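Enquirer: Build me a model from this:
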Amino acid sequence: MASLPPLVEPAAELTKEEVARYSRHLIIPDVGVDGQKRLKNAKVLVVGAGGLGSPALLYLAAAGVGTLGIVDFDVVDESNLQRQVIHGQSDIGKPKAVSAKESVAEINPFVHVNLHEQPLDSSNALDVFRDYDLILDGTDNFATRYLVNDAAVLLGKPYVWGSIFRFEGQVSVFWEDAPNGQGLNYRHLYPEPPPPGMVPSCAEGGVLGVLCASIGSIMVTEAIKLICGIGDTLLGRLKVYDALDMEYREVKIRRDPNAVEITELIDYEAFCGVVSDEAQSAAAGHTITAVELKEKMDAGDKFELIDVREPHEWEIVRIPGAKLIPKDKILSGEAFAEIPQDRQTILYCKSGVRSAEALSALQHAGFSNAVHVGGGVTGWAQQVDTSLPTY
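Expert: Numbering: from 1, shown residues only. Purely as a prediction, here's the structure:
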């Protein structure tokens with residue numbers, strides 16, 4: 001694929017301090033003074049100051065990108081620190097956007113930072129994106145990924161996309177309006193989201209912390225190439241990294257002639273069905289709280305308590321008296337023989353999403369009085385037994 005023209009016009013000048021700071025860039029012929037001036041003039045929006053956003057923001061700032069936007073409305077939690085290296089111990093409880101801005105200022109005081117501390121949705125995405133040259137999407141859910149893609153398409157902006165899970169990462173560049181007919185967007189790779197519950201999140205499946213650095217650094221490399229108009233970008237190529245095998249694979253992405261034309265932003269939560277309709281309907285009237293479960297235990301009620309998480313999660317923390325039957329064994333029907341019919345079945349998972357899916361399968365199999373615990377084992381650790389860890 002032919003190299004793309006520079007995305008950003010160069011700034012008028014570099015100051016003496018900037019020349020000193022960026023000297024190792026300036027002596028690379030492909031970057032040079034012209035490229036560094038383009039970086040200085042660039043406005044880059046990073047969606048998410050988490051696993052991928054952390055290294056991306058640090059290296060964009062170090063590289064001298066003049067304006068950085070940060071979209072994040074979450075706060076720093078202790079479980080973030082294993083991979084979200086832009087935050088530190090003293091930042092726990094602080095808004096991630098604020099913590100990230102402070103780290104950026106420490107790395108490069110010449111970078112201007114805009115904070116967007118609200119959930120990104122169809123009502124505000126176009127306004128947030130409009131003033132930036134380039135978007136980096138490091139989010140961890142399909143609803144936001146499709147939203148970012150569609151907003152970028154409507155505004156004609158390129159964006160760099162990354163995704164991580166356990167030991168594997170994926171990264172590519174999408175730009176519907178790329179010159180010379182090279183245009184592609186995320187829907188050409190993934191026309192539709194996977195069914196709800198099919199792909200576990202990092203919160204459910206985990207992620208090797210350092211994987212974020214591997215994928216985040218590729219994202220920043222692509223951003224620099226786009227801004228400066230150098231090298232061959234990942235537009236039209238999906239790079240897949242397997243950290244366990246230390247192997248990079250590449251998949252060609254081609255335009256899907258049947259791809260949906262994007263004309264407006266939609267309800268992305270509904271489009272991605274964060275929880276399936278069946279699970280929502282199963283949970284309606286069949287959900288109890290962690291406190292209500294404790295009351296049932298204290299009253300000596302007879303029931304079967306089933307943990308539908310994975311074995312490695314069971315080893316971290318569990319509710320006393322539970323039996324482990326992973327969700328997939330219930331969805332396939334394989335586990336039905338293990339579940340007694342003479343008492344009520346109570347299901348739980350980490351937060352209540354997977355147990356709702358399993359509850360739907362049980363109800364269809366005739367376990368009509370089965371219920372699940374809203375908030376899962378996390379709710380139990382927060383409301384019933386605070387000595388237990390959360391993850």
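Enquirer: May I ask which helix or strand of the protein has the lowest mean pLDDT?
Expert: In the chain, no helix or strand scores lower on mean pLDDT, DSSP states H and E than helix 202-205, which sits at a mean of 70.
Enquirer: C-terminal to that helix, what's the next element?
Expert: Using DSSP states H and E, the next helix or strand after helix 202-205 towards the C-terminus is helix 211-228.
Enquirer: Would you indicate which residues of the helix or strand just after that following helix are buried?
Expert: Toward the C-terminus, helix 211-228 is succeeded by strand 237-242 as the next helix or strand (DSSP H and E). Judged by neighbour count using 16 or more other C-beta atoms under 10 Å, the buried positions of strand 237-242 are Arg237, Leu238, Lys239, Tyr241. C-beta here means a position set from N, CA and C on the backbone, and glycine is covered the same way.
Enquirer: In its sheet, which strands sit next to strand 237-242, and in what direction?
Expert: According to DSSP bridges, strand 237-242 forms sheet pairs with strand 168-174 (antiparallel), strand 247-252 (antiparallel).
Enquirer: still on that earlier bit, looking at the buried residues of strand 237-242, spot the one nearest Gly205.
Expert: Checking the buried residues of strand 237-242 against Gly205 with C-beta to C-beta, the nearest one is Tyr241 at 16.5 Å.
Enquirer: okay, the closest one: pLDDT?
Expert: Reading off the confidence values, Tyr241 has pLDDT 98.
Enquirer: State the distance from Thr139 to Gly333.
Expert: Distance from Thr139 to Gly333, counting by C-beta to C-beta, to the nearest Å: 34 Å.
Enquirer: Settle it for me: which of these two has more neighbours?
Expert: Thr139 (22 against 12; other C-beta atoms under 10 Å).
Enquirer: Quick check: Pro326 touching Glu313?
Expert: No - the pair Pro326 and Glu313 does not pass the contact test of C-beta atoms under 8 Å, sitting 9.3 Å apart.
Enquirer: and the next element down the chain from the host helix or strand of Leu154?
Expert: Assigning secondary structure by DSSP H and E places Leu154 in helix 142-155. Sequence-wise, the next helix or strand beyond helix 142-155 is strand 159-165, with elements assigned using DSSP H and E.
Enquirer: So what's the gap between stretch 350-367 and the chain middle?
Expert: Relative to its parent chain, stretch 350-367 has a centroid offset of 25 Å by C-alpha atoms, centre = their mean, to the nearest Å.
Enquirer: Dump that stretch to PDB, restricted to CA.
Expert: Included here for stretch 350-367 are C-alpha records, laid out as PDB according to Å, rounded to 0.1, in the frame of the first residue of the first chain:
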ATOM      1  CA  LYS A 350     -18.200 -11.900  39.000                       C
ATOM      2  CA  SER A 351     -20.800  -9.100  38.400                       C
ATOM      3  CA  GLY A 352     -24.100 -10.700  37.300                       C
ATOM      4  CA  VAL A 353     -23.700 -10.700  33.500                       C
ATOM      5  CA  ARG A 354     -22.600 -14.300  32.900                       C
ATOM      6  CA  SER A 355     -24.900 -15.600  35.600                       C
ATOM      7  CA  ALA A 356     -27.900 -14.000  33.800                       C
ATOM      8  CA  GLU A 357     -26.900 -15.700  30.600                       C
ATOM      9  CA  ALA A 358     -26.700 -19.100  32.400                       C
ATOM     10  CA  LEU A 359     -30.000 -18.400  34.200                       C
ATOM     11  CA  SER A 360     -31.700 -18.000  30.800                       C
ATOM     12  CA  ALA A 361     -30.400 -21.500  29.800                       C
ATOM     13  CA  LEU A 362     -31.500 -23.000  33.100                       C
ATOM     14  CA  GLN A 363     -35.000 -21.600  32.800                       C
ATOM     15  CA  HIS A 364     -35.400 -23.000  29.300                       C
ATOM     16  CA  ALA A 365     -34.400 -26.400  30.700                       C
ATOM     17  CA  GLY A 366     -37.200 -26.300  33.200                       C
ATOM     18  CA  PHE A 367     -35.500 -24.900  36.300                       C
END
